[in-house]
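Enquirer: Build me a structure from this.
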Amino acid sequence: MAFRRLLHSILFSAILAGTSMGVSADSDCEAAHIDLWTRAEVALSGDRLIIQGKVVRLAGIYAPRRAKQQKFTSPADPLAKQAQDFLNRLLAEHKNEVGVEYDQTKVDKFGRQLVHLFFKDGTNIEERILAAGFALRSAEQNNLKHQSCYKAAENQARKNRYQIWDLLTQYPDQHFPLIESKVIRAEDEGYRIIRGKIEKVLKSDKYYIVNFDTTGIRIPKRAWEKFDWQKLLELKGQTVEVRGFVSHYKTAMYMIVEEPFAFDVFAP
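Expert: Numbers count the residues shown, from 1 in each chain. Alright, predicted model coming up:
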């Protein structure tokens, strides 16, 4: 166990330093235009931080979240504190100086700015977090910049079993970040990747409906123009991973999806 902790510490430091384990040269990782150079104050999680006195969320990723004590208690995701620490250490390495790049949607429904962040050496901060295994890619609200970069970074971390991917290998019963659809439980709410075989593809007045054996994926009508209906029909019988926020209602589990990037298709 001591050796394993030492190995994890070495990996953590190497990834933070940007060694050959780390950063992709994919041009999609580069900023098209920096809208603002400023200083970040502190990371509140692996994907939220304070900039100019306001809470800002990193676009294109989902990092494990700490527990919330509100009307309903929301439990912490595994490695939430470690993801926060990683981002704070990464910022400190660069004296907290960051470049802000906006995407299509600048503010989320909670009033937080949505940004892609960079260091002066060109480092894409979201890519670094993903490549270190402290976040998952997440496409939402039409913010699709750098998606191929983020996908490659996540795939690298998954292949190397860094952090959350190592956790998944060791403790699959925690159902984070990935759940096989056949074993999903009512308490498995939150941001997840669901993997399974698609059994039905239907259309209603309000939704495209893509059903696993236990979970329904709902694509609302406002997002239909982004999807190819014929390709959705072809998903039937295929093994698919779909990512997003899973919710439980009555006896059903469901996920609302508005971007094709949420789907990854594998062999039947």
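Enquirer: hey, let's count contacts and neighbours off CA atoms from now on
Expert: Fine.
Enquirer: quick one: least confident helix or strand in this structure?
Expert: Between all helices and strands in the chain, the lowest mean by mean pLDDT, DSSP states H and E belongs to helix 2-17, at a mean of 39.
Enquirer: Starting from the helix or strand just after it, tell me which strands it pairs with and how they run.
Expert: Moving toward the C-terminus from helix 2-17, the next helix or strand (DSSP states H and E) is strand 36-43. Neighbouring strands of strand 36-43 in its sheet, by DSSP bridges, are strand 48-51 (antiparallel), strand 97-101 (antiparallel).
Enquirer: so of these, which one's packed in deepest?
Expert: Ranked by mean neighbour count, the strands paired with strand 36-43 are led by strand 97-101 with a mean of 21 (mean count of other CA atoms under 10 Å).
Enquirer: What are the buried residues along the next helix or strand after it?
Expert: Following strand 97-101 in sequence order, the next helix or strand is strand 113-118 (DSSP H and E). Residues 113, 114, 115, 116, 117, 118 are the ones in strand 113-118 that count as buried (16 or more other CA atoms under 10 Å).
Enquirer: who does strand 113-118 touch, helix- and strand-wise?
Expert: If contacts are counted by 3 or more CA pairs under 8 Å, 6 or more residues apart in numbering; DSSP states H and E, strand 113-118 sits against strand 54-58, strand 97-101, helix 125-131.
Enquirer: Return the alpha-carbon coordinates of it using PDB.
Expert: Only the C-alpha atoms of strand 113-118 are listed here, as PDB (Å, rounded to 0.1, in the frame of the first residue of the first chain):
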ATOM      1  CA  GLN A 113     -19.500  32.400 -16.400                       C
ATOM      2  CA  LEU A 114     -18.500  29.500 -18.500                       C
ATOM      3  CA  VAL A 115     -14.900  29.700 -19.800                       C
ATOM      4  CA  HIS A 116     -12.100  27.800 -21.300                       C
ATOM      5  CA  LEU A 117      -8.800  28.700 -19.500                       C
ATOM      6  CA  PHE A 118      -5.200  28.800 -20.600                       C
END
